[in-house]
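> Need a 3D model of the following:
(chains A and B)
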Amino acid sequence: MQATTTNNGGLLQRVLNHPWIERETLSFHLSAINPLWSLTDCRARIVEIRDETHDTKSFVLEAGSWWTGFRAGQNLGVAIEIDGVTHRRRYSISSCESGARRFTITTKRVLDGRVSNWMHDHLQAGDVLNLAPVAGDFVLPQSLPPALLMLAAGSGITPLMSQVRSLLAGGYGGQLRFVHYVRTPQDRIFGAELEELADQHANLDVQWCCEDDGQGGGAERFSPEQLTKRVANYPEMHTLLCGPAGFMAAVRDHWQELGRSDQLQFEYFGTPPVARKGAAANISLLRQQREFTGGAQGTLLEALEAAGESPAYGCRMGICHSCKCRKTSGQVRNLLTGAVSADPDQDIQLCISVAESDIELDY
Amino acid sequence: MAASRILTPTEADAFGAELTALREEVVADLGDKDARHIRGMIRIQRRLALTGRALLWFGFMPPVAIVTWPLGALALGIAKILENMEIGHNVMHGQYDWMQDPKLHSQTYEWDTVCDGDHWRNSHNYEHHTYTNILGKDRDIGYAVLRMSDEQPWRPMYLFQPISNALLAMNFDTGVGLHDVQFERVWSGDMSRAEFKQRFKPFVKKASRMWFKDYVFFPLLSGPNFLGVMAGNAVANLIRNLWAYTIIFCRHFPRGVQVFEYSEEQLKTESKGQWYARQINGSANLEGGRLFHIMSGHLSHQIEHHLFPDLPAHRYAEIGPRVEEICQRYGQLYNTGPLWKQYATVLGKVFKYALPTRSPQPLAA
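I've put the predicted structure just below:
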């Protein structure tokens, strides 16, 4: 298995990190020579774009020399600029773990999703993307168990696909059962490749469960009975799970009933925040490592102050931007403009922002 | 020039609503165009700076230097003007924060001048832009060294202000850098040693970095042409200082601009519309073409800038006529004129107020 290494401590690195070095200016002139040469950003060039299904595409990327690899199941931050505004999203890497700088992310068009649709419609081979470092603890167990069950639903297949590819490439000899829940047979992301892999590897078994198989076979959704028919001995297997929130909740509840929660690894993706207008929100402050309830009556600045914090502020009327703070998750509304910020990692002005959901601040 | 009339509270509200609507119109339209503008400015500025430094570097051969040295100093001077005024000042106001680009973020951007970014964010973005032209609240009135209005009590030191004005013009970057140290409170014994240290340290840190860059690092890099590069950098800084000083002194000092004597109570009850009116009556515009506006960081649209300090500045030109039209309807003076005319009235004030005008009255302690 390829471990993630970090590059630090070198003399060049120390010089570049010195506050007197104008990294951005240097980086600007370097990037003029080669866009991947940056001292400030992690960048990758799109090498190829592949259609996986009617609504899912794979983007094959080649990173610059800063790339330190990833572990199967981890995800990557991608910055996409749409009409001047940078949006940040995280996508699971779907390709096989390797030491190479080339890897693949796979994304599905989300209904009304601004970023995923833009990526599908506008990105082209040759474009250069800004990335955020690889992260995530949804990785294969350190010592591999003799049998593994993978449960994927929809585009939740992407991290699991990376794991299947890596396991087989690494010569895993145990039982590998793969179940993909999809809407129709046309939604089988990586369908052909999984079939091929199953042909080549006797220890891999792949099954698709369709909500609508196109032949009037009736909807097949997850339930303990349904899974028993597909994988009889599933309760004994170490399980990896990824899919939409509803599907994951059903599986997790069942594993809890079985008393096997310790054998279940899972990864959430794309859960939209729940708007709770007018109600008090749970506000967590990442750097202060504290959490409190507030913000029902007024702005986030007032909520923080009421909770005993002393955030920086100036005009308290949205003019001076002294109280600007990075919101890492949650939804807020700007009182001046009425604009709603729902995306993660956006900067907000505390003095004119009210919470519309639970909020996490980099404060 | 007819003075502005005082708006009734109801009028002020309607006036404020019209201006806020104008702001919202621009905010809704922000996008690619604005991103392209600021990135284009950064591209031009960085290439100009590189060209300037390269020309100064090549100036070690005497026959060539006659051409390259002045060109290099000029290019670097213009690059510094662009960075300080159209890029740094505007980015630090939060004009491009909506782009969510960490490189254009108001709270972390550090500009290419000896003034520490955090000092500036406090003294300029907050104090000056919130309490514009309120005596005792806005330290930009005369920058604590000049007397520019009747309302400021006269002191003997103002007799020398034609000289201090010239010195400030030539060393404008250092003046701005020291502004937030608040030396006047040191002289009056109003500041503790600890506070002075805390205020002085960021300036020393930032200034030594900037001076090291221009007067040690780049000269050393050019080896035998050490003195040539050092002098070229000094001239570039001087060009920037004189230009920045001229533009910036035309923001709030030209004839017709009001200074306000507000009580704490008045400040607390000031409505948004009244706040807008104060910003307009406390600011003056400069007329010119697109290049002039860019080179002045659009501070030439001081009125629009003070109404909407966090709108991308290159939009001020398009909303200017509409702001002027609203001002006309509400009887508010839209103070504008060409640079030489506006600056002449500023220079007039430097001389006029050097002498005691209104009966001198000590500031309430």
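> Apart from its neighbours in sequence, what residue is nearest A:Ile359?
Once flanking residues are discounted, A:Ile359 sits nearest to A:Gly330: 3.6 Å by Cβ to Cβ, 6 or more residues apart in numbering or on different chains. All C-beta spots, glycine's among them, are computed from the backbone N, C-alpha and C.
> Surely that neighbour is in contact with A:Asp358?
Yes. Using Cβ atoms under 8 Å, A:Gly330 is in contact with A:Asp358, at 5.5 Å.
> Show me which residues of chain A are close to chain B?
A:19-20, A:24-25, A:28-29, A:40, A:81, A:83-88, A:314-315, A:317-322, A:324, A:337, A:345-347 (Cβ under 8 Å from any Cβ of the partner chain).
> For the nearest residue to A:Gln175 once chain neighbours are set aside, give me its contacts.
Excluding the flanking residues, the one nearest A:Gln175 by Cβ to Cβ, 6+ apart is A:Ala147, at 4.0 Å. If you count contacts by Cβ atoms under 8 Å, 6 or more residues apart in numbering or on different chains, A:Ala147 has them with A:174-177, A:233, A:236-238.
> distance of A:Ala147 from A:His238?
Counting by Cβ to Cβ, to the nearest Å, the gap from A:Ala147 to A:His238 is 7 Å.
> Whatever helix or strand A:Ile157 lives in: what's the following helix or strand?
Using DSSP states H and E, A:Ile157 sits in helix A:157-169. Under the assignment DSSP H and E, the closest C-terminal helix or strand after helix A:157-169 is strand A:175-182.
> Point out the other helices and strands that the helix or strand hosting B:Ala277 packs with.
When secondary structure is defined by DSSP H and E, B:Ala277 falls within helix B:272-281. Contacts defined by 3 or more Cβ pairs under 8 Å, 6 or more residues apart in numbering or on different chains; DSSP states H and E place helix B:272-281 against helix B:9-29, helix B:302-307.
> Just name the most buried of those.
helix B:302-307 (a mean of 26; mean count of other Cβ atoms under 10 Å in any protein chain shown).
> between the next helix or strand after that one and helix B:9-29, how big is the angle?
Counting by DSSP H and E, the next helix or strand C-terminal to helix B:302-307 is helix B:316-329. Orientation of helix B:316-329 against helix B:9-29 (axes from the mean of the first three to the mean of the last three Cα atoms, to 10 degrees) gives an angle of 160 degrees.
> Name every strand pairing with the longest strand along chain A and say which way it goes.
The strand spanning the most residues in chain A, taking DSSP state E as the definition, is strand A:42-53. Sheet pairing of strand A:42-53 (DSSP bridges) gives strand A:56-63 (antiparallel), strand A:128-135 (antiparallel).
> The residue nearest to A:Gln175 and B:Pro356, how far apart?
95 Å.
> on that earlier part again, in a markdown table: the strands paired with strand A:42-53, plus mean neighbour count.
Listed next are these as a markdown table, based on neighbours: other Cβ atoms under 10 Å in any protein chain shown:
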| stretch | mean neighbour count |
| --- | --- |
| strand A:56-63 | 21 |
| strand A:128-135 | 17 |
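> can the ones you listed go into JSON lines with extra columns for mean pLDDT?
Shown next, in JSON lines, are these (pLDDT from 0 to 100):
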{"stretch": "strand A:56-63", "mean pLDDT": "97"}
{"stretch": "strand A:128-135", "mean pLDDT": "90"}
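> circling back: out of the residues of chain A next to chain B, which sit inside strands?
A:81, A:85-88, A:324, A:346-347.
> pLDDT below threshold where in chain B?
Applying pLDDT under 70 to chain B flags the ranges B:1-2, B:60, B:358-365.
> Give me every residue in it lying close to chain A.
Within chain B, the positions lying close to chain A (Cβ under 8 Å from any Cβ) are B:24, B:27, B:30-36, B:42, B:46, B:49-50, B:93-94, B:97-101, B:103, B:105-107, B:121-122, B:125-126, B:129-130, B:209, B:212-213, B:272, B:309-310.
> hmm, 7 Å instead?
By Cβ under 7 Å from any Cβ of the partner chain, the part of chain B that sits against chain A consists of B:24, B:27, B:30-32, B:34-35, B:46, B:50, B:94, B:97-101, B:103, B:105-107, B:121, B:125-126, B:129-130, B:209, B:212, B:309-310.
> all helices for the stretch 1-150 of chain A, in order.
A:11-17, A:23-33, A:114-122 (DSSP state H, counting those that start in this stretch).
> how far away is the closest residue to chain A within the stretch 101-250 of chain B from B:Val229?
Among the residues of the stretch 101-250 of chain B, B:Tyr126 lies nearest to chain A; the distance is 3.4 Å by Cβ to the nearest Cβ. To B:Val229, B:Tyr126 is 38 Å away according to Cβ to Cβ.
> now swap in A:Met119 and tell me
47 Å.
> show me where pLDDT drops low in the stretch 101-250 of chain A?
Residues of the stretch 101-250 of chain A that meet the cut-off, pLDDT under 70, do not exist.
> Give me the buried entries from the residues of chain A next to chain B.
A:24-25, A:28, A:40, A:81, A:84-88, A:314-315, A:318-322, A:324, A:345-347 (16 or more other Cβ atoms under 10 Å in any protein chain shown).
> Pull the number of nearby residues for B:Ala35.
For B:Ala35, the neighbour count with other Cβ atoms under 10 Å in any protein chain shown is 21.
> Do you know the pLDDT at the residue in chain A sticking out farthest from the centre?
Farthest-out residue of chain A from its mean C-alpha position, per Cα atoms, centre = their mean: A:Cys315, at 36.8 Å. A:Cys315 carries a pLDDT value of 74.
> any idea how far it lies from B:Thr132?
A:Cys315 sits 11 Å away from B:Thr132, going by Cβ to Cβ.
> Could you look up the SS state of the residue lying closest to B:Thr113 once chain neighbours are set aside?
Nearest residue to B:Thr113, sequence neighbours excluded (Cβ to Cβ, 6+ apart): B:Asp173, at 4.9 Å. Of the three states, B:Asp173 takes helix under DSSP: H, G, I helix; E, B strand; the rest coil.
> List the contacts of B:Asp173.
B:113-115, B:237, B:241 (Cβ atoms under 7 Å, 6 or more residues apart in numbering or on different chains).
> Let's see that with 6 Å instead.
B:113-114, B:241 (Cβ atoms under 6 Å, 6 or more residues apart in numbering or on different chains).
> quick one: which of those sit in helices?
Secondary structure defined by DSSP state H assigns B:Asn241 of those to helices.
> Columns distance to A:Glu52 and neighbour count on top of the contacts of B:Asp173, output as a markdown table?
Shown next, in a markdown table, are these (distance: Cβ to Cβ, whole Å; neighbours: other Cβ atoms under 10 Å in any protein chain shown):
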| residue | distance to A:Glu52 | neighbour count |
| --- | --- | --- |
| B:Thr113 | 52 | 26 |
| B:Val114 | 55 | 22 |
| B:Asn241 | 59 | 24 |
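> Please find the angle between the direction vectors of the longest strand of chain A and strand A:175-182.
80 degrees.
> centre of the chain versus strand A:42-53, how much separation?
Chain-centre distance of strand A:42-53: 16 Å, with Cα atoms, centre = their mean, to the nearest Å.
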